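Asks: Provided below for reference: sequence and predicted model.
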Amino acid sequence: MEEITDINRELMLDANATAGLLYEIFGVEMTASPTECANCGNEGELGGLLAFTQGPGIVLRCSACEGVVLRIVQTPEAIYLDARGAVYLRLAR
Amino acid sequence: MKQTLNWQIASVTNIRPETAKVKSFTLRLPAWMRHRAGQHYDLRLTAEDGYQAQRSYSIASEPEREGEVDITVERIDDGEVSTYMHDVLLPGDRIEMRGPIGGYFVWEATMTEPLLLIAGGSGVVPLMSMVRHRAAAGAKNPAALLYSARTFEDIIYYGEWEGLRNSNSGLQIFHTLTRSQPVGWKGYARRIDQAMLKEVAGPLGGSVQAYICAPTLLVEAAANALVKIGVRSDQIRTERFGPTGG
């Protein structure tokens, strides 16, 4: 196995791990919904994004180009969502 | 699928050890909903001063069991939640949960492609839910499980794997022990690699659907090796868990 020393890499999860928070924000299950990376155009299920959850906010990156797709910051009063890295998000009816 | 995701108060009805560091908890849910194998619940603890700690735990039981779920939790020595679960929680206690959650890392018995399950450590838990679901649903698709643990004593659900091995269920079970092996060990004795995956996955053919749940580095290694032996990345679903948290 290749040794990876980057701590962020070692702590990396899948966006599936943030399914509860995404549900809280959007009100529907999101991880099986498709999304498109605004950086490289890769399309895939949201749950397959790479998730970095150990910082003050949560960062979801494209699994193909590792561009930032979503950033989520929670404060006691509000949730901030930066989705400019996604061409679209799909919310199932 | 529309559903509401509210916190509910679950009751602990049973606690049993799986290994020295791993326990399974049976939780009775007043607003139980049928889950899909591979999904998880969020658990939340609240201290008297209002401080909250929240973790996600994979469901181990099959969706066919109504009214309750099993989760299997590894005790992380400096963890906030897993230490409470292991050291404090007793049958009859109550705990806040919400779920079932997640639509990405799921397998349904209606999916008829050959199934390849790859687990590292406690990553075996959601895969056990898939295996139990497969058995309960009577699915006959070819299936293989490759389970990497450090030592023989770290193998979770060992007795159940042996039962499944002898049950003619069409599930092939492979163990690898990476740190030490008991005398006479017949399984693999190294980290998961390309040659091992070729032996395990080869007989399943090209249309295999693969699920990998393990620590991040093992997921990366196994997924890359699968791609090298010809499995397309869209046939591979991964669930990584980090070395911290608990």
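Replies: Looks like it arrived, so ask away.
Asks: not counting sequence-adjacent ones, nearest residue to the closest residue to chain A within chain B?
Replies: Nearest residue of chain B to chain A, counting by C-beta to the nearest C-beta: B:Tyr104, 2.5 Å away. Where C-beta positions appear, they are placed from N, C-alpha and C, glycine not excepted. The spatial neighbour of B:Tyr104 that comes closest, neighbours along the chain excluded (C-beta to C-beta, 6 or more residues apart in numbering or on different chains), is A:Gly47 at 2.5 Å.
Asks: contacting residues around that neighbour?
Replies: Applying C-beta atoms under 8 Å, 6 or more residues apart in numbering or on different chains, we find A:Gly47 in contact with A:14-16, A:19, A:30-32, B:102-105.
Asks: so which of those residues comes closest to A:Gly57?
Replies: When these are compared for distance to A:Gly57 (C-beta to C-beta), A:Ala15 wins out at 13.9 Å.
Asks: how about the contacts made by the closest one?
Replies: Applying C-beta under 8 Å, 6+ apart, the residues contacting A:Ala15 are A:22, A:31, A:46-51, A:60, B:104.
Asks: taking those, tell me the two that lie furthest apart.
Replies: Using C-beta to C-beta, the contacts of A:Ala15 span at most 14.5 Å, a distance reached by A:Leu22 and A:Leu50.
Asks: neighbour-wise, which of these two wins?
Replies: A:Leu22 (26 against 21; other C-beta atoms under 10 Å in any protein chain shown).
Asks: let me see the contact set for the nearest residue in space to that one that is not next to it in sequence.
Replies: On the basis of C-beta to C-beta, 6+ apart, the spatially nearest residue to A:Leu22 that is not a chain neighbour turns out to be A:Met30, at 4.2 Å. A:Met30 is in contact with A:19, A:22-23, A:46-47, A:89, A:91, B:103, counting by C-beta under 8 Å, 6+ apart.
Asks: make a ChimeraX selection of the buried ones in those residues.
Replies: For selection in ChimeraX, the members of these meeting the burial criterion (16 or more other C-beta atoms under 10 Å in any protein chain shown) are listed in this command:
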select /A:19,22,23,46,47,89 /B:103
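Asks: quick one on the thing from earlier: out of the contacts of A:Gly47, which sit inside helices?
Replies: Using DSSP state H, the members of those that fall within helices are A:Ala19.
Asks: can you add pLDDT and distance to B:Arg179 and give the contacts of A:Gly47 back as JSON lines?
Replies: Output for these, formatted as JSON lines (pLDDT from 0 to 100; distance: C-beta to C-beta, whole Å):
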{"residue": "A:Asp14", "pLDDT": "93", "distance to B:Arg179": "26"}
{"residue": "A:Ala15", "pLDDT": "94", "distance to B:Arg179": "31"}
{"residue": "A:Asn16", "pLDDT": "92", "distance to B:Arg179": "28"}
{"residue": "A:Ala19", "pLDDT": "94", "distance to B:Arg179": "32"}
{"residue": "A:Met30", "pLDDT": "95", "distance to B:Arg179": "38"}
{"residue": "A:Thr31", "pLDDT": "95", "distance to B:Arg179": "33"}
{"residue": "A:Ala32", "pLDDT": "94", "distance to B:Arg179": "36"}
{"residue": "B:Gly102", "pLDDT": "92", "distance to B:Arg179": "31"}
{"residue": "B:Gly103", "pLDDT": "91", "distance to B:Arg179": "35"}
{"residue": "B:Tyr104", "pLDDT": "93", "distance to B:Arg179": "31"}
{"residue": "B:Phe105", "pLDDT": "96", "distance to B:Arg179": "27"}
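Asks: save the contacts of A:Gly47 as TSV, and put in distance to A:Tyr80 too.
Replies: Rendered in TSV, the data for the contacts of A:Gly47 read as follows (distance: C-beta to C-beta, whole Å):
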residue	distance to A:Tyr80
A:Asp14	22
A:Ala15	17
A:Asn16	22
A:Ala19	19
A:Met30	17
A:Thr31	20
A:Ala32	24
B:Gly102	23
B:Gly103	24
B:Tyr104	24
B:Phe105	27
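Asks: ok, the residue most central in space within chain A to chain B distance?
Replies: The central residue of chain A, meaning the one whose C-alpha is nearest the mean C-alpha position (C-alpha atoms, centre = their mean), is A:Leu60 at 2.7 Å. The span separating A:Leu60 from chain B equals 12 Å under the rule C-beta to the nearest C-beta, to the nearest Å.
Asks: for residue 20, give me its contacts.
Replies: Answering for chain A, as no chain was given. B:5, B:42, B:56, B:98-99, B:101.
Asks: wait, I meant chain B there
Replies: Applying C-beta under 8 Å, 6+ apart to B:Ala20 gives the contacts B:Glu153.
Asks: for A:Arg61, same thing?
Replies: Contacts were defined as C-beta under 8 Å, 6+ apart; by that measure A:Arg61 touches A:49-52, A:67-69.
Asks: in those, find the pair that's most separated.
Replies: Using C-beta to C-beta for every pair in these, the one that comes out farthest apart is A:Ala51 and A:Gly67, at 14.1 Å.
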